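Asker: when you get a sec, could you give me coordinates for this:
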Amino acid sequence: MTAHLTRRRALLAAAGLGLSVDLLARPAFAAGDLANRKLVVVICRGGLDGLSLTPPVGDPDYQGLRKGLALGDDALALDGTFALHPALNAVHRLAKTGQARIAPAVATPDRARSHFEAQDVLETGAAVVYGTSSGWLNRAVGSLKAQRTVDALSVGPTAPLILRGPAPASSWSPGRGIDAQARLPTLLQDLYRDDPVLGPALARGLATETMAQAAMSGLADNAETPGMTMAAAQPGGGGGVEGYLRQGQEAARKLGGTLAGFMREPGGPQIAALSLDGFDTHANQGAAKGQLANRLGYLDAVLDGLHAGLGSEWSNTMVVVATEFGRTARVNGTGGTDHGTASTALVLGGALKPGGIVGDWPGLNTAALYENRDLAPTLDMRGLFKGVLADHMGLDRRALEATIFPDSAAARPVTGLV
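Answerer: Next up, the predicted model:
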């Protein structure tokens, strides 16, 4: 049967039917094969700059476009074109062993560059803004429950939209490590982004506030993290800004480890959603160091804690890190970047199949930029999610296209990830 399916796939691919063949030809999963599969979705709110997350250092137009934000020898090389931001040491270690890959030009169907709208489309999985009131991951849980026992968990003070809906999901709030109030600056910037006076003024003020909060983040996390003491923030105890940042990363690592502990327990959740705020970098974004580097260090520590905490269960796990949109290819006048289009998604896990980039790279030549300002998308975010849900969690095409991602037939599932 395998040979027959291989010949059939080759013939259909030659006819131009491509990726959709894999869903048509996929053999049924055995229930035992799927019982331990785990999926974690991490949402980086604010519009994470993919050109800093995974800098295309080998692209001939990269340095000229990014200027003071460009990374060079300090970036962590992946191949001849792409690298990882130097704050992503744990992700880089996983990538070097084939357990982390990048989708460097991915976007949702939304093109409005509004946080409100882009986050809605990212989390609902709808083809249009406000097309549905439930989250695509909640609908996936509902479809999986029809096949087997599946539990889901949201991390944070409120359940993210991606897990809201009729399917039941538990929630856990770790305290100030995930701060809902951090979303207010993002929403304010959305309201005033077109105001020629208030928009830039608000961006500069929030950048200053963000830098101050980053410096103090260790103290805030310290108050919420058992086993940590104020000694680390005192002279001789690793204090100063670097000491505070290290404490924040340690708290993030514990957050990832605690989430892993929930998922590792017998009868624990197989699916989890986690939101991280603070990626709206309109001013003073920084390159190898600075505002964005601090947030990426936090993300890296969460993923490191999750990896370590899952232990042997990491081999059954897939993690997808996504954001609502990318940022402009060019630097703005305040040392930051504005709302853009395509960004990078990270795909990690012990269940991941080693390989190169996911999707195509459009390049940063002026003619290739979307509307002469943004990285152009070459991959629909829904196709990435559909591929993970199909190949890793065992959902079929009918559920994916009729229930979980309605009106998404054009967003063909990414195959070859598992």
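
Asker: how's this protein carved up into domains?
Answerer: 1-34, 36-404 (automatic domain parsing).

Asker: ok, L65 to E401 distance?
Answerer: To E401, L65 is 37 Å away according to CB to CB, to the nearest Å. From N, CA and C alone the C-beta is placed, and that goes for glycine too.

Asker: what of C44?
Answerer: The value you get for C44 to E401, if CB to CB is used, is 27 Å.

Asker: of the two, which one has the most company?
Answerer: Of the pair C44 and E401, C44 is the one with more neighbours under other CB atoms under 10 Å, namely 24 against 18.

Asker: just checking, that one touches L299?
Answerer: Yes - with contact defined as CB atoms under 8 Å, C44 and L299 form a contacting pair (6.7 Å).

Asker: what is in contact with the two at once?
Answerer: 276, 321 (CB atoms under 8 Å, 6 or more residues apart in numbering).

Asker: before we move on, the earlier item: could the domains of the chain go into CSV alongside mean pLDDT and distance to A411?
Answerer: Putting these into CSV (pLDDT from 0 to 100; distance: least, CB to CB, whole Å) gives the following:
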stretch, mean pLDDT, distance to A411
domain 1-34, 38, 10
domain 36-404, 87, 4
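
Asker: which one of the ones you listed lies closest to T415?
Answerer: Ranking the domains of the chain by proximity to T415 (CB to CB) places domain 1-34 first, at 4.4 Å.

Asker: tally of neighbours for A77?
Answerer: What A77 shows, counting by other CB under 10 Å, is a neighbour count of 15.

Asker: ugh, wrong one, I meant G336
Answerer: 23.

Asker: ok, now R397?
Answerer: Count around R397 with other CB under 10 Å applied: 16.

Asker: one more: N89?
Answerer: Using other CB under 10 Å, N89 has 15 other residues around it.

Asker: contact partners for the closest residue to it other than its chain neighbours?
Answerer: Leaving out its chain neighbours, the residue that sits closest to N89 by CB to CB, 6 or more residues apart in numbering is D300, at 6.4 Å. Each residue near D300 by CB under 8 Å, 6+ apart is listed here: 87-91, 249.

Asker: now compare these and name the two farthest from each other.
Answerer: It's V91 and Q249 that sit farthest apart of these, by CB to CB, at 13.3 Å.

Asker: neighbour-wise, which of those two wins?
Answerer: V91 (26 against 23).

Asker: next, the more buried one: phi, psi?
Answerer: The phi/psi pair for V91 (degrees, to the nearest 10) reads phi -60, psi -40.

Asker: excluding chain neighbours, give the residue nearest to it in space.
Answerer: Closest to V91 by CB to CB, 6+ apart is A100, at 5.3 Å.

Asker: the one you found pairs with what?
Answerer: Taking DSSP bridges, one finds L348 as the beta-bridge partners of A100.

Asker: wait, it touches L352, no?
Answerer: Yes - between A100 and L352 a contact is recorded at 7.2 Å, counting by CB under 8 Å.

Asker: give me the more crowded residue out of the two.
Answerer: Neighbour totals were compared for A100 and L352, and A100 leads with 25 against 21 (other CB under 10 Å).

Asker: from N332, how far off is that one?
Answerer: Counting by CB to CB, the gap from A100 to N332 is 30 Å.

Asker: burial count for A87?
Answerer: Neighbour count of A87, defined by other CB under 10 Å: 25.

Asker: where's it relative to R295, distance?
Answerer: Using CB to CB, A87 is found at 8 Å from R295.

Asker: all helices in this structure, in order from the N-terminus.
Answerer: 2-14, 20-25, 31-34, 50-53, 62-66, 89-96, 115-124, 136-145, 183-192, 198-224, 240-264, 291-310, 381-391, 397-399 (DSSP state H).

Asker: so what's Q63 up against?
Answerer: Q63 is in contact with 70, 72, counting by CB under 8 Å, 6+ apart.

Asker: then D74?
Answerer: Contact partners of D74, counting by CB under 8 Å, 6+ apart, are 86, 288.

Asker: change it to 10 Å
Answerer: Applying CB atoms under 10 Å, 6 or more residues apart in numbering, we find D74 in contact with 55, 57, 83, 85-86, 287-289.

Asker: again with G64
Answerer: Contact partners of G64, counting by CB under 10 Å, 6+ apart, are 70, 330, 364, 366.

Asker: correct me, but the residue nearest to V91 touches T344?
Answerer: No - here A100 does not reach T344: they are 11.7 Å apart, not a contact under CB atoms under 10 Å.

Asker: between the two, which contacts overlap?
Answerer: Taking CB under 10 Å, 6+ apart as the contact rule, A100 and T344 both touch 84, 321.

Asker: relative to G309, how far out is M393?
Answerer: According to CB to CB, M393 stands 21 Å off from G309.

Asker: then G243?
Answerer: With CB to CB as the criterion, G243 and G309 are 24 Å apart.

Asker: comparing these two, which residue is more hemmed in?
Answerer: Per other CB under 10 Å, whichever of G243 and G309 has more neighbours is G309, with 21 against 18.
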